[in-house]
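1. Below are the sequence and a predicted model for it; my questions follow.
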2 protein chains.
Amino acid sequence: MLLLGRGVSSLINILVTSVGKRVELLRYFKAELAGIGGKLVGADRDRMAPGLNFTDFSYVIPGIYDQDYLPRLLDICRKEQIKAVLSLIDPELSVLAHNRALFEQAGVCLVIPGAEAVEACYDKYATQALLMRRGMEHIKTYRGLDEFNDRSAAGEVAFPVVVKPSFGSSSQDVYIVQNHQDLVCLYNRVDRPIIQEFIAGRDYSADVYVDLVTKEPVAVFTKLKLSVTGGGADKALGVYEPVLEEFAVHMAQEFELLGPVDMDFFWSGNRLVLNEINPRFGGGYPLAHHSGLNFINLLINNLQGTANKTALGNYKPGVSMVKYDGYFFKNEPDCALICPESGESG
Amino acid sequence: MLLLGRGVSSLINILVTSVGKRVELLRYFKAELAGIGGKLVGADRDRMAPGLNFTDFSYVIPGIYDQDYLPRLLDICRKEQIKAVLSLIDPELSVLAHNRALFEQAGVCLVIPGAEAVEACYDKYATQALLMRRGMEHIKTYRGLDEFNDRSAAGEVAFPVVVKPSFGSSSQDVYIVQNHQDLVCLYNRVDRPIIQEFIAGRDYSADVYVDLVTKEPVAVFTKLKLSVTGGGADKALGVYEPVLEEFAVHMAQEFELLGPVDMDFFWSGNRLVLNEINPRFGGGYPLAHHSGLNFINLLINNLQGTANKTALGNYKPGVSMVKYDGYFFKNEPDCALICPESGESG
């Protein structure tokens, strides 16, 4: 499924797409690649994405559902002699995973799990359905109001419940709902909504690296989220508990993940339950990196054809991370490009 | 109302409270103060606030409604020979403005408008009510469902409307509502809700500095918000239009503001209408600073007893600013302080 570098070219150039505002991650990539003579290429559909200014070369590309998107990406891969492609947003993972053959033909490794695994992560209903099918701890999840009402009448689930989009991100449109009237109102406001039991517990997350050669999780970093806004942790603390590490390893195997993965879960009483998986570098990865793990190095080893030995437990817990706002400024010689209809003053 | 520095002490030490994650602003403050031998003191109730690590001295203080809050703040002012206090969050402006006498007695200048002005800004209903009373362009705003229903039946306002908290911030709990059923549901979910007409237009904001000596707005920076998440602009572009500048100056005068101010407004067709005012440094101030205005310098002049000449129009438009995530890391020798109940694993 994955094309690894052995024997092709020793050059390791990496393309990261949808770089957005993930400046810190890009800095790590650039530094590691510089160390081995490789280059970091960035892409985003938004020419103002700050990340575009923190790579070696950058491209503004069409949106992922645009017909020019794939041809353009493949062009960049050829032109920049790209060895591997990663994406930082979930809808793009799905588009790329379904077009893996195009990249393999071009000799490019897509650092993304298989399409089935990507879909099981992308669709939050599918995530819980997979766990349920396998008889594992899961969050009771319903897709329709009728289904919910039936199960609720049967005593399977009770208010409060959570209404959210199946394909949401950044905690957008996530509502805690106390009664049936509010449920109907909010359910109808949400795009492709699901209804879940509400779990009061602590939020944890794990950064996992699944080796591309051995297909085994070789690094796991777990953190307690201390404050969450907009989906990502504003404040987090690195922790080490064997039970959390085992849980993350187990999930990575069950979902057949590959490469860098971010997973969120709740610890509620003696219940440890997966909330969601993003099969890509998560927003909180900088804490794992800062605490002593280096997924980029593990990835580069893999791209050079080398399997990584396990690095489980190889980090320093007890480091906290807090997020703040950084700013990037740019002179805009032609403002009309940014605000083409700025003629209100006329 | 304000104590200015003339003749007291030439030392300019400034205390900024609720520093939160406003790292960039604190960097500007620290640099300016270092240049005149002053120091920047920071305070926050959250010992993990990243801003606390970017000042000369920092204090963790009680919450603003705690009985120890004011005594502790006054202690810090005495100990650090503070000349002036600023706050970066709205509820604190209100508490401070109502206790101005305590600070004046201690020889400390509160860089905050009078309590009446602060309340007119803090309460979004009051903001529009003031504009309406003075016969100015305003957003139709209602406080009760009955009042809204009456006016709606009379044809004064129509769906869609906006439901939001009177005292909200960061765009939390702001809903666009299309029908009466959703209105009732969402109205009841929001804390002290108001209902407003929906205005489709472009979002602008202005950073204004009202001189503490002359009480005149001496600097105005206007920007077009290109992308907004969580209330603040993710992407903004500095613009210069006399009509926007005049509007901001006018609003600063009408509301009797003082010191640094952030105001948001809509430009919809030929209608220019104030949305809200925060009588403090706004999150987007770095763009004004980067474009050539320096409110901190204007403030220091004032604290030295000097009135500022007008700096209206003295900036370079056409600079864009994009926000990204910066991270601050810290070893936590005693994690129990952060997560005192971390015993779930036991």
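-> Thanks, I have it.
2. contacts, neighbours, all on C-alpha from now
-> OK.
3. Could you chop chain A up by domain?
-> If you go by automatic domain parsing, the domain ranges for chain A are A:14-112, A:140-197, A:200-322.
4. roughly how far out does the second one sit from the chain middle?
-> Going back to what we said before, that points to domain A:140-197. 24 Å (CA atoms, centre = their mean, to the nearest Å).
5. is it anywhere near chain B?
-> Yes - under the criterion of CA under 8 Å from any CA of the partner chain, chain B is reached by domain A:140-197 at A:Q181, A:D182, A:C185.
6. what residues are up against the second one?
-> By CA atoms under 8 Å, 6 or more residues apart in numbering or on different chains, A:D182 lies in contact with B:C185.
7. ok, and it, which helix or strand is that part of?
-> helix A:180-187 (DSSP states H and E).
8. Equivalent analysis for A:S320, please.
-> Once you assign secondary structure using DSSP H and E, A:S320 falls within strand A:319-331.
9. in that strand, what's buried?
-> By neighbour count on 16 or more other CA atoms under 10 Å in any protein chain shown, the buried set for strand A:319-331 is A:V319, A:S320, A:M321, A:V322, A:K323, A:Y324, A:D325, A:G326, A:Y327, A:F328, A:F329.
10. Present the residues you listed as a markdown table; the columns should include distance to B:V85 and pLDDT.
-> Below are these laid out as a markdown table (distance: CA to CA, whole Å; pLDDT from 0 to 100):
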| residue | distance to B:V85 | pLDDT |
| --- | --- | --- |
| A:V319 | 32 | 96 |
| A:S320 | 29 | 95 |
| A:M321 | 28 | 96 |
| A:V322 | 25 | 95 |
| A:K323 | 25 | 93 |
| A:Y324 | 22 | 94 |
| A:D325 | 23 | 91 |
| A:G326 | 24 | 94 |
| A:Y327 | 25 | 95 |
| A:F328 | 28 | 94 |
| A:F329 | 29 | 95 |
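11. what would those look like in TSV with distance to chain B?
-> Supplementary listing: the buried residues of strand A:319-331 in TSV, determined by distance: CA to the nearest CA, whole Å:
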residue	distance to chain B
A:V319	4
A:S320	5
A:M321	4
A:V322	5
A:K323	5
A:Y324	5
A:D325	5
A:G326	5
A:Y327	5
A:F328	5
A:F329	5
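12. Quick check: which element contains A:N149?
-> A:N149 belongs to helix A:145-153 when assigned by DSSP H and E.
13. Between helix A:180-187 and that helix, find me the angle.
-> Put simply, helix A:145-153 runs at 150 degrees to helix A:180-187, going by axes from the mean of the first three to the mean of the last three CA atoms, to 10 degrees.
14. Tell me the helix or strand right after helix A:145-153.
-> Next along the chain from helix A:145-153, counting by DSSP H and E, comes strand A:161-165.
15. List the strands paired with that following strand, with their directions.
-> Partner strands and pairing direction for strand A:161-165 (DSSP bridges) are strand A:175-177 (antiparallel), strand A:193-197 (antiparallel).
16. who in the stretch 201-346 of chain A is up against chain B?
-> A:230, A:235, A:241, A:267-270, A:286-287, A:290, A:318-333, A:335, A:344-345.
17. how does it look with 7 Å?
-> A:269, A:318-332, A:335, A:344 (CA under 7 Å from any CA of the partner chain).
18. before we move on, the earlier item: name the residues that touch the strand holding A:S320?
-> Contacts with strand A:319-331, where a contact means CA atoms under 7 Å, 6 or more residues apart in numbering or on different chains, come from A:50, A:234-238, A:287, A:291, B:21-24, B:50, B:318-332.
19. quick one: which helix or strand includes A:I12?
-> Using DSSP H and E, no helix or strand contains A:I12.
20. Figure out the helix or strand that A:F103 lives in.
-> helix A:100-105.
21. Kindly report the same for A:R27.
-> Assigned by DSSP H and E, A:R27 falls in helix A:23-35.
22. I'd guessed A:I64 sits against A:E92; true?
-> Yes - counting by CA atoms under 7 Å, A:I64 touches A:E92, with 6.3 Å between them.
23. If I look at A:M1, what pLDDT would I see?
-> On the pLDDT scale, A:M1 is placed at 46.
24. Just want the angle from the helix or strand following the helix holding A:R27 to helix A:23-35.
-> Using DSSP H and E, the helix or strand that follows helix A:23-35 in sequence is strand A:40-44. Relative orientation of strand A:40-44 versus helix A:23-35 (the same axes, to 10 degrees): 150 degrees.
25. list the helices and strands strand A:40-44 packs on?
-> strand A:14-17, helix A:23-35, strand A:57-60 (3 or more CA pairs under 7 Å, 6 or more residues apart in numbering or on different chains; DSSP states H and E).
26. In contact with the closest residue to A:V162 other than its chain neighbours, which residues?
-> With CA to CA, 6 or more residues apart in numbering or on different chains as the criterion, A:V162 has its nearest non-adjacent residue at 4.6 Å, and that residue is A:I176. Neighbouring residues of A:I176 by CA under 7 Å, 6+ apart: A:P160, A:V161, A:V162, A:V163.
27. Just among the residues you listed, which is most surrounded?
-> A:V163 (27 neighbours; other CA atoms under 10 Å in any protein chain shown).
28. So what are the sheet partners of the helix or strand of chain A with the lowest mean pLDDT and their directions?
-> Within chain A, no helix or strand scores below strand A:232-239, which has a mean of 88 by mean pLDDT, DSSP states H and E. Applying DSSP bridges to the sheet, strand A:232-239 is found paired with strand A:217-229 (antiparallel), strand A:319-331 (antiparallel).
29. What are the buried residues along stretch A:268-278?
-> Those would be A:L272, A:V273, A:L274, A:N275, A:E276, A:I277, A:N278, for stretch A:268-278 by 16+ other CA under 10 Å.
30. I meant stretch A:79-87, not that one.
-> Under 16+ other CA under 10 Å, the buried positions of stretch A:79-87 are A:E80, A:Q81, A:I82, A:K83, A:A84, A:V85, A:L86, A:S87.
31. and the gap between the fourth one and chain B?
-> If I follow you right, that is A:K83. Computed with CA to the nearest CA, to the nearest Å, the distance linking A:K83 and chain B is 27 Å.
32. what mean pLDDT does stretch A:30-50 have?
-> Averaging pLDDT along stretch A:30-50 gives 96.
33. any idea whether the nearest residue in space to A:T214 that is not next to it in sequence is helix, strand or coil?
-> Leaving aside its sequence neighbours, A:T214 sits nearest to A:A307 (CA to CA, 6+ apart; 6.3 Å). Secondary structure assignment for A:A307 (DSSP: H, G, I helix; E, B strand; the rest coil): coil.
34. State the pLDDT value of A:A307.
-> A:A307 carries a pLDDT value of 98.
35. where's it relative to A:E137, distance?
-> 32 Å (CA to CA, to the nearest Å).
36. Over to A:R27?
-> 38 Å.
37. re earlier: could I get the buried residues of strand A:319-331 in CSV, plus columns for distance to B:R151?
-> Output for the buried residues of strand A:319-331, formatted as CSV (distance: CA to CA, whole Å):
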residue, distance to B:R151
A:V319, 56
A:S320, 52
A:M321, 50
A:V322, 47
A:K323, 45
A:Y324, 43
A:D325, 42
A:G326, 45
A:Y327, 44
A:F328, 46
A:F329, 46
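38. A:R72 versus whatever residue of the stretch 1-150 of chain A ends up closest to chain B, what's the distance?
-> Nearest residue of the stretch 1-150 of chain A to chain B: A:K21, at 4.7 Å (CA to the nearest CA). Per CA to CA, A:K21 is found 22 Å from A:R72.
39. Likewise for A:L303?
-> Applying CA to CA to A:L303 and A:R72 gives a distance of 23 Å.
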